[in-house]
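Peer 1: compute the structure for the input listed below.
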Amino acid sequence: MAEDSLAVYDKMVLAIDQCYQVDEVKDLRDKALALEEYARQACNIEAETKAAKIRIRAERKAGQLLAEIGREKGSRNDLETSVGHQLRSETPFQQAKRGAHISDYQATRWQQLAALPTTDFEGRWRRL
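Peer 2: This next block holds a predicted model:
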């Protein structure tokens, strides 16, 4: 049973690594969060810990993808058309956040996770 659990964990980590879209990673993160909650309710600490590790890896990957997109400057939002409609444009960063339903707070926290050196990030998991 433990080998099956480890294989599933490894597959999830690989799936996260292979994501190249913020919304894909966010979907995996949300599933891991649900599994984490189910395991907590079942008082299964080992499963809860593994789900939390998967969730945080997904958050880090989302932060990396958001950082790659960057906060590019969009066109001005204060311009008006001849009929008085305001022009609005979203940057790719804003589009990615909106498309994946990520708040500004989450985006900031996840980019902070992504900024951690890999050795520091991985070292935290060895202790759990």
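
Peer 1: contact partners of the stretch of helix or strand residue 40 belongs to?
Peer 2: Assigned by DSSP states H and E, residue 40 falls within helix 22-41. If you take C-beta atoms under 8 Å, 6 or more residues apart in numbering as the criterion, helix 22-41 is touched by 12, 15-16, 19, 45, 47-48, 50-52, 54-55, 58-59, 61-62, 65-66, 69, 96-97, 99-102. Every residue, glycine included, has its C-beta placed from N, CA and C.

Peer 1: do that again at 6 Å, thanks
Peer 2: For helix 22-41, contacts defined as C-beta atoms under 6 Å, 6 or more residues apart in numbering pick out 16, 19, 47-48, 51-52, 54-55, 58-59, 61-62, 65, 96, 99-100.

Peer 1: by neighbours, which of those wins?
Peer 2: Of all those, the highest neighbour tally under other C-beta atoms under 10 Å goes to residue 62, namely 31 neighbours.

Peer 1: longest helix anywhere in the protein?
Peer 2: For the chain, the helix with the greatest residue count under DSSP state H is helix 45-69.

Peer 1: so what secondary structure elements neighbour it?
Peer 2: Applying 3 or more C-beta pairs under 6 Å, 6 or more residues apart in numbering; DSSP states H and E, one finds that helix 45-69 contacts helix 2-17, helix 22-41, helix 92-100, helix 104-115.

Peer 1: turn those into CSV, including mean pLDDT and distance to residue 121.
Peer 2: Output for the helices and strands packed on helix 45-69, formatted as CSV (pLDDT from 0 to 100; distance: least, C-beta to C-beta, whole Å):
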stretch, mean pLDDT, distance to residue 121
helix 2-17, 79, 13
helix 22-41, 95, 16
helix 92-100, 90, 21
helix 104-115, 94, 7
